[in-house]
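*Asks:* what follows is a predicted structure for the sequence shown.
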Amino acid sequence: MANHQLARSLGGAILNQDDPETVRSGAPAYLLLIDGMIADRPDDATLLLAGARLYAAYANGLVDDPDRRKLLTTKSKDYAARALCGKIAGMCAAAQMPFEQFAAKLGTTTPFDLEAIYTLAVSWAVWIQAHSDDWNALADLGRVEYLLQRIIDLQPDYARGRAQLYLGIIRTQLPAAMGGDPERGRRHFERAVEFSNSRDLMAKVEFARSYARLVYDKVLHDRLLHEVIAADPREPDLTLSNTLAQRLAHSMLQDDYF
């Protein structure tokens with residue numbers, strides 16, 4: 001129990017930090033600590049999930065070197081997969097089993113499995129992003145999409161709409177003319193904003209970046225980004241993300257995309 005509380009405290013210390021540079025320089029010590037805790041209790045799903053979240057949060061937005069991002073997101077995905085394996089029988093080879101078997105097994109999950117499913121989905125998504133130069137990694141995107149869809153089928157507002165946010169990003173990868181469905185993605189972004197009571201600023205940034213830019217809607221794009229900049233970034237478990245979102249919003253408004 002003490003280890004679990006420490007893991008939660010480490011995660012909170014990072015997610016609630018409003019100075020990304022402090023996290024950038026200090027987080028590696030936390031990552032080594034969580035690695036040591038997991039080494040002592042390698043089958044502890046609570047510690048594995050905490051480790052997966054920490055590595056994903058650090059790698060996604062705070063690490064610029066592409067090789068380091070690949071290493072860190074691989075660790076995150078490994079921890080998340082091991083946690084899911086310990087919690088859901090038959091899901092130990094989620095990335096290797098035939099898709100039909102994967103989908104059928106995922107269909108048996110319940111709301112009690114949401115934390116493990118969501119953590120794997122996020123860790124897998126950031127791993128794919130870090131390995132975007134590898135077609136084999138990109139081929140896993142369908143499984144991540146299926147995990148996220150299962151989450152919102154079980155609980156649409158899970159994690160204050162973060163599953164909706166990730167689905168919005170995935171479903172706005174192609175314009176309608178190329179077979180995409182941007183309006184479906186837009187609905188996910190709108191729900192992500194709604195379920196967070198507009199407090200998840202990254203949802204608005206990604207709404208602008210993934211949808212508004214795709215459909216060339218400058219009015220929506222600029223409105224969303226100005227709302228992000230004007231907001232108070234301090235919000236439990238979203239402060240770091242919100243601070244990074246505000247930096248992105250400033251940059252996007254200055255890059256002359258339109």
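*Replies:* Ah, there it is.
*Asks:* my guess is Tyr158 contacts Leu148. True?
*Replies:* No: counting by C-beta atoms under 8 Å, Tyr158 does not reach Leu148; the two are 9.7 Å apart. Backbone N, C-alpha and C define where each C-beta goes, glycine included.
*Asks:* ok, these two, which is more surrounded?
*Replies:* Leu148 (28 against 19; other C-beta atoms under 10 Å).
*Asks:* look up how far Gly26 lies from the more buried one.
*Replies:* 30 Å (C-beta to C-beta, to the nearest Å).
*Asks:* do Gly180 as well
*Replies:* 40 Å.
*Asks:* for Gly86, grab the count of nearby residues.
*Replies:* Other residues lying near Gly86 total 18 when counted by other C-beta under 10 Å.
*Asks:* state the mean pLDDT of whatever helix or strand it lives in.
*Replies:* In this assignment (DSSP states H and E), Gly86 forms part of helix 66-87. Helix 66-87 shows an average pLDDT of 95 in the prediction.
*Asks:* which positions in it come out as buried?
*Replies:* 69-70, 72-87 (16 or more other C-beta atoms under 10 Å).
*Asks:* show the subsequent helix or strand relative to it.
*Replies:* Trace forward from helix 66-87 with DSSP H and E and the next one is helix 99-106.
*Asks:* give me the mean pLDDT for that following helix.
*Replies:* 91.
*Asks:* can you dump the C-alpha coordinates of that helix into PDB?
*Replies:* What follows is helix 99-106, C-alpha atoms only, in PDB (Å, rounded to 0.1, in the frame of the first residue of the first chain):
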ATOM      1  CA  PHE A  99      -7.600  -8.900 -34.700                       C
ATOM      2  CA  GLU A 100     -10.900 -10.900 -34.500                       C
ATOM      3  CA  GLN A 101      -9.700 -12.600 -31.300                       C
ATOM      4  CA  PHE A 102      -8.500  -9.300 -29.900                       C
ATOM      5  CA  ALA A 103     -11.900  -7.700 -30.600                       C
ATOM      6  CA  ALA A 104     -13.800 -10.600 -29.100                       C
ATOM      7  CA  LYS A 105     -11.800 -10.600 -25.900                       C
ATOM      8  CA  LEU A 106     -12.000  -6.900 -25.500                       C
END
